[in-house]
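Engineer: fold the following, please.
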Amino acid sequence: MNQKDIRWKQRFQNFENAFFNLENTIAISNPSIAERAGLIQFFEITFELSWKTLKDYLESVGFQTASPRETLKQAFQEGTIQNGHLWIKALEDRNLTTHTYNEATAQKVEKLIREDYFPLLKQLHTTLKGKLTS
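Structural biologist: Predicted structure coming up:
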């Protein structure tokens with residue numbers, strides 16, 4: 001196993017831990033303001049680790065990327081992720097949530113996380129978990 005292979009697998013462990021925290025928080029129906037803020041924070045952390053894990057994985061198979069957007073585009077072209085446009089939208093919304101907070105935006109983003117972005121992250125988790133065992 002080479003150093004790049006080890007790196008993405010170690011990063012995957014961090015992604016997986018964050019993913020499970022997000023998954024547990026998604027299970028809370030009718031969250032309080034604090035729980036909603038926690039859900040958004042877990043999404044931000046999980047999303048950040050998702051693209052960094054993808055970047056490390058892509059490097060292990062011979063691709064070089066320099067930014068989150070470039071990483072997502074390459075992962076889509078390479079076939080590791082599906083629905084590239086939704087991943088880019090998730091990136092844009094993640095950037096929005098890290099710079100501003102108001103309750104209306106939080107509720108909108110919570111809905112997007114639950115309905116659109118969590119399924120993307122879940123699919124990525126399943127895909128990368130499969131690559132670990134292959």
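Engineer: what sits closest to the most centrally placed residue in the chain if chain neighbours are left out?
Structural biologist: The residue at the geometric middle of the chain, judged as the C-alpha nearest the mean C-alpha position with CA atoms, centre = their mean, is residue 47 (2.8 Å). Of all residues not flanking residue 47 in the chain, residue 94 sits nearest, at 4.8 Å (CB to CB, 6 or more residues apart in numbering). Just so you know, the C-beta spots here come from the backbone N, C-alpha and C atoms, and that holds for glycine as well.
Engineer: count of neighbours near that neighbour?
Structural biologist: Counted by other CB atoms under 10 Å, the residues lying close to residue 94 total 22.
Engineer: report the distance from whichever strand or helix holds it to the chain centre.
Structural biologist: Residue 94 belongs to helix 84-99 when elements are defined using DSSP states H and E. Relative to the centre of its chain, helix 84-99 is centred 10 Å away, using CA atoms, centre = their mean, to the nearest Å.
Engineer: and the next helix or strand past it?
Structural biologist: By DSSP H and E, the next helix or strand past helix 84-99 is helix 103-112.
Engineer: packing partners for the next helix or strand after that next one?
Structural biologist: Using DSSP H and E, the helix or strand that follows helix 103-112 towards the C-terminus is helix 118-133. Secondary structure elements in contact with helix 118-133, counted by 3 or more CB pairs under 8 Å, 6 or more residues apart in numbering; DSSP states H and E, are helix 3-26, helix 33-60, helix 84-99.
Engineer: in helix 118-133, what counts as buried?
Structural biologist: Using 16 or more other CB atoms under 10 Å as the test for burial, helix 118-133 gives 118, 120-121, 124-125, 127-128.
Engineer: distance to residue 13 and pLDDT for these - can I get that in JSON lines?
Structural biologist: Supplementary listing: those in JSON lines, determined by distance: CB to CB, whole Å; pLDDT from 0 to 100:
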{"residue": "118", "distance to residue 13": "20", "pLDDT": "98"}
{"residue": "120", "distance to residue 13": "20", "pLDDT": "97"}
{"residue": "121", "distance to residue 13": "15", "pLDDT": "98"}
{"residue": "124", "distance to residue 13": "14", "pLDDT": "97"}
{"residue": "125", "distance to residue 13": "12", "pLDDT": "97"}
{"residue": "127", "distance to residue 13": "16", "pLDDT": "96"}
{"residue": "128", "distance to residue 13": "11", "pLDDT": "96"}
